[in-house]
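[1] Dropping the sequence and predicted coords here.
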Amino acid sequence: MRNWDKGLDYEKTKRQILEKMKELKMKRGVNARKALAYCVALLFQLRNGSRVSEAVDATIEWAKTKKKEVEVRVRKHKTPDTRKMVAPEELKEEDRLDVASVIELIKPASVKMFAKRNLGFNSHSLRYARITYLAKKGISPSIIAKITHHRDINYVLRYTEQKTADEINRDLA
């Protein structure tokens, strides 16, 4: 696996982000609201198995429209494909208002840096935490590829099969 795949547990990572949000809500000022917005983008990324730039676009669109599902451009595709992104159910109206107040300051590079410095992981690991989570739930690799917008199902197959093989090998006596 690549160095960004840290084997993050989906549920544990979600709790970690939500705890950070809770901590940030106790603070005042634009920096706290920016950090909260970064957490919201990371939740979008984790929930949808997206790239960080897609999660930032979804966060901004959600903050502007209040919609539970937003359409964003798929990155890394040469054609102008779009994808639906579902807002994490844990997000509240007060979170949306906080994000909306700093919307022009939310950039993918800042979200990546925040994740690394404050939460200890590479944001791209969230994409694979979602893939692993879905695979463990028995979702087929072809559906996972559709959800995460991987064009090549073989990549998802290789990844999920390797994760499963590693887990089986670890558990064998």
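    Cool, got the structure.
[2] quick one: low-confidence parts of this protein?
    Within the chain, the set of residues satisfying pLDDT under 70 comprises 1-6, 77, 159-165, 168, 173.
[3] which residues sit in contact with the spatially most central residue of the chain?
    The geometric centre of the chain, computed from its C-alpha atoms, lies nearest to residue 45 (Cα atoms, centre = their mean), at 1.6 Å. By Cβ atoms under 8 Å, 6 or more residues apart in numbering, the contact list for residue 45 reads 51-52, 54-55, 123, 126-127. In this view, the C-beta of every residue, glycine as well, is placed from N, C-alpha and C.
[4] Quick check: closest non-adjacent residue to it.
    Leaving aside its chain neighbours, residue 45 sits nearest to residue 55 (3.6 Å; criterion: Cβ to Cβ, 6 or more residues apart in numbering).
[5] ok, residues contacting the strand or helix carrying the one you found?
    When secondary structure is defined by DSSP states H and E, residue 55 falls within helix 52-65. Residues from elsewhere that reach helix 52-65, judged by Cβ under 8 Å, 6+ apart: 37, 40-42, 44-45, 48, 50, 67, 70-75, 83, 85, 87, 91, 96, 99-100, 103, 106-108, 111-112, 123-124.
[6] Stretch 69-88 too?
    So stretch 69-88 is in contact with 43-44, 46-48, 50-51, 53-55, 57-58, 61-62, 67-68, 149, 151, going by Cβ under 8 Å, 6+ apart.
[7] how much distance is there from that stretch to the middle of the chain?
    Stretch 69-88 has its C-alpha centroid displaced from the chain centroid by 13 Å (Cα atoms, centre = their mean, to the nearest Å).
[8] Among the contacts of stretch 69-88, the buried ones, what's the PyMOL command?
    A single PyMOL command selects the buried members of those (16 or more other Cβ atoms under 10 Å):
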select buried, resi 43+44+46+47+48+50+51+53+54+55+57+58+61+62+149
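[9] picking up where we left off before, taking the contacts of helix 52-65 one by one, which sit in strands?
    Using DSSP state E to define strands, the subset of the contacts of helix 52-65 located there is 70-73, 83, 85.
[10] Most neighbours of all these, which one?
    Top of the ones in strands among the contacts of helix 52-65 by neighbour number is residue 85, holding 25 neighbours under the definition other Cβ atoms under 10 Å.
[11] Excluding chain neighbours, give the residue nearest to that one in space.
    residue 58 (3.8 Å).
[12] What of residue 9?
    What sits nearest to residue 9 in space, not counting adjacent residues and going by Cβ to Cβ, 6+ apart, is residue 129, at 6.9 Å.
[13] got the buried residues for the helix or strand containing that neighbour?
    Using DSSP H and E, residue 129 maps to helix 124-136. For helix 124-136, the buried set under the neighbour-count rule, 16+ other Cβ under 10 Å, comprises 124-135.
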